[in-house]
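[1] Task: produce atomic coordinates for the following.
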Amino acid sequence: MKFYHKYQTELEAAGYRVDEHGYVWDAMGNQSAGEDNYGNVQSKDANVTEICRVAEATPKPNIKL
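    Okay, the predicted model is just below:
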């Protein structure tokens, strides 16, 4: 799983698209962020960084089975 796949739901809710390779695209079709083959994550869009930061800080509900 690529880095941005963890935040795909939150990014798509904000109008971004995460492709199968883990790249993030904005509504205009510009690449906003991605992860290279070595695991280095880069973002050219401060909004993507903030969306991921907020998603990471938001507690996920515990589901008990």
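
[2] most residues in a single helix of this protein, which one?
    Secondary structure assigned by DSSP state H gives helix 46-57 as the longest helix of the chain.

[3] Pull out the buried positions in that one.
    By 16 or more other C-beta atoms under 10 Å, the buried positions in helix 46-57 come out as 48, 51-52, 55. Any C-beta I mention is one placed from the backbone N, CA and C, and that applies to glycine too.

[4] Can you get me a residue count around residue 43?
    Residue 43 has 19 neighbours, counted by other C-beta atoms under 10 Å.

[5] So in terms of bridging, what pairs with it?
    Applying DSSP bridges to residue 43 yields these beta-bridge partners: residue 33.

[6] didn't it look like it was pressed against residue 35?
    No. Contact criterion C-beta atoms under 8 Å: residue 43 and residue 35 do not qualify, at 9.9 Å.

[7] sorry, back to before: kindly reformat the buried residues of helix 46-57 as TSV containing pLDDT.
    What follows is these, written out as TSV (pLDDT from 0 to 100):
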residue	pLDDT
48	97
51	97
52	96
55	94
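
[8] Enumerate every residue touching residue 4.
    Residues near residue 4 by C-beta atoms under 8 Å, 6 or more residues apart in numbering: 11, 18, 22-24, 33-35, 41, 48, 52.

[9] which one among these gets closest to residue 1?
    The shortest separation between residue 1 and any of the contacts of residue 4 is 8.2 Å, and it belongs to residue 22 (by C-beta to C-beta).

[10] I'd like to know how many residues surround the nearest residue to the closest one once chain neighbours are set aside.
    Once flanking residues are discounted, residue 22 sits nearest to residue 2: 2.6 Å by C-beta to C-beta, 6 or more residues apart in numbering. Taking other C-beta under 10 Å as the neighbour definition, residue 2 ends up with a count of 17.
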